[in-house]
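> this is a predicted model, with the sequence first.
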Amino acid sequence: MWIKCSTYVRISFMLVIMSITTEPKDYSVLFLDMNSFFASVEQQVQPTLRGRPIGVAPYIGRTGCIIAASYEAKQMGVKICQVGEAKKICPQIAIIEAQPSLYMIYHKKIKKVIESFTPYFEAKSVDEFAIHLTPMDQNREKATELALKMKKAIAEEVGDYLKCSIGIAPSVFLAKMASELKKPDGLTVLELKDLDNFYHSLKLQDLTGINWRTEASLQRFKINSPADFYGKSLEELVRLLKHMGRLWYFRLRGYEVDDHVVKSKTIGHSHVLAPEFRTKDGATAILRKLIFKAGYRLRKEGYCAGGISLMINFLDGQSFSVSRRFSVFSDNQSFLQNTYELLKDCPWRGRPILVAVSSFDLQRKTSEQISIFADLEKSKSLSLVLDKINDEFGAETVFPASMHTAKDSAPDRIPFGKPRYDILH
């Protein structure tokens, strides 16, 4: 464990993270979920927004999408929806353009607070953290005390307007579910003996990982609620759902079946075009930016790609979609040229509304051979140099001139590289 004091003293012990081969145990995981994180950060740095309904959107025009709403806006009925729809629901809502670098700064501050209590945690997203509790903390009193201390530290050291909900349970899945029960600023302890009552209080789509499509599939098997799901035997679920039935049987009972790394299958980006970019030239400009963003991620995650998928949707409902394999690449110029090859087949018969590009057939970068073509090797080196500069001084400090017209469009949802610190108000 870590002792929080003026200097850190480490006491070594073996932390065993539960798996499907070990019996679930109460108080194993503490899940910390920052409430309305993006909106709360905006209210933290802009006090005039506090107490007001606000929505955060990457594009603040009518067709932009609200990605986060303050609790004041949620109380008015605003959820994830288009900006135009949000204004109809709540005319007084303030629409704020998303500042991903700012949110990443606060993510790192929260991470630093958690690190001061324990090294045994993982960031599940920019606003969610799973903390694996040590044997000394695996009881109700200690786990609750730790949760309250973390809440207090975040308020004092990060921001007094930032609230978090915490769930304590036998597994990450159950702890996350518990954290959803009391928002904002809640604390819920879910024990194994409570599971039957817990599932009777929920709807199917309340289960993490169940959407309306999955719900419809389960209902065909007479599984109409979490209680029905939980009540099925292992044999029944395997017969109905095959391997996924086995996973859900153990997941619902507190076994840690999700503790694995999913290998990336594709790396790419999509963007809904603002009205001024709903032309062939505008869509192409946005595509260039998406390609450079995806190329950065490709290299940063240690991959090269062997194929590209491209999709363009048009206002009249038509769409263009194509995928093709290419020689293995990771540099920006190859990514760009290959995508342009795909674009040659696009008919451009209407006004584009959405563009998406992704790389597939990902391979670890060690498999990328040195090219005999000097221009290609130069492009690889240039891409790496641009990555290094932007890592050091902030995303898009240096960018190709061809991206200039689209520089302020398709902003990063979560920034790459080191964020600029001058955006703290």
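Perfect, I can see it now.

> for the chain, give me the ranges with low pLDDT.
1-21, 259-264, 365-425 (pLDDT under 70).

> list the contacts of the one residue sitting closest to the centre of it.
With distances taken as Cα atoms, centre = their mean, residue 125 lies nearest the centre of the chain, 4.9 Å away. Neighbouring residues of residue 125 by Cβ atoms under 8 Å, 6 or more residues apart in numbering: there are none. (Each C-beta comes from the backbone N, C-alpha and C, glycine too.)

> also residue 339?
Applying Cβ under 8 Å, 6+ apart, we find residue 339 in contact with 287, 291, 308, 310, 357.

> show me which pair in those residues is furthest apart.
Taking Cβ to Cβ as the measure, these span a maximum distance of 11.1 Å, between 287 and 308.

> re the thing from before, do you know how far the residue nearest to the centre of the chain is from residue 73?
Relative to residue 73, residue 125 is positioned 21 Å away (Cβ to Cβ, to the nearest Å).

> related to what we said a few turns ago, got the phi/psi numbers for the residue nearest to the centre of the chain?
phi -160, psi -170 (degrees, to the nearest 10).

> before we move on, what about residue 268?
phi -170, psi -180.

> over to residue 300?
phi -60, psi -30.

> just the one 5 residues further on next, same as before
Phi and psi for residue 305, reported as degrees, to the nearest 10, are phi -120, psi 160.

> for it, give me its contacts.
267, 298, 326, 328, 329, 330, 335, 359, 360, 361, 362, 363.

> contacts only, for residue 155.
residue 162.

> surely residue 270 forms part of a strand?
Yes: assessed by DSSP: H, G, I helix; E, B strand; the rest coil, residue 270 belongs to a strand.

> okay, now the residue nearest to it when sequence neighbours are not counted: neighbour count?
The spatial neighbour of residue 270 that comes closest, neighbours along the chain excluded (Cβ to Cβ, 6 or more residues apart in numbering), is residue 356 at 3.5 Å. Residues near residue 356, counting by other Cβ atoms under 10 Å, number 17.

> so residue 356 bridges to which residues?
For residue 356, the beta-bridge partners are residue 270, residue 311 (DSSP bridges).

> ok, now which ones touch it?
So residue 356 contacts 268, 269, 270, 271, 290, 309, 310, 311, 312 (Cβ under 8 Å, 6+ apart).

> CSV for those residues, including distance to residue 61 and neighbour count?
Formatted as CSV, the contacts of residue 356 follow (distance: Cβ to Cβ, whole Å; neighbours: other Cβ atoms under 10 Å):
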residue, distance to residue 61, neighbour count
268, 23, 20
269, 19, 20
270, 17, 14
271, 13, 22
290, 19, 22
309, 27, 17
310, 24, 24
311, 22, 17
312, 19, 25
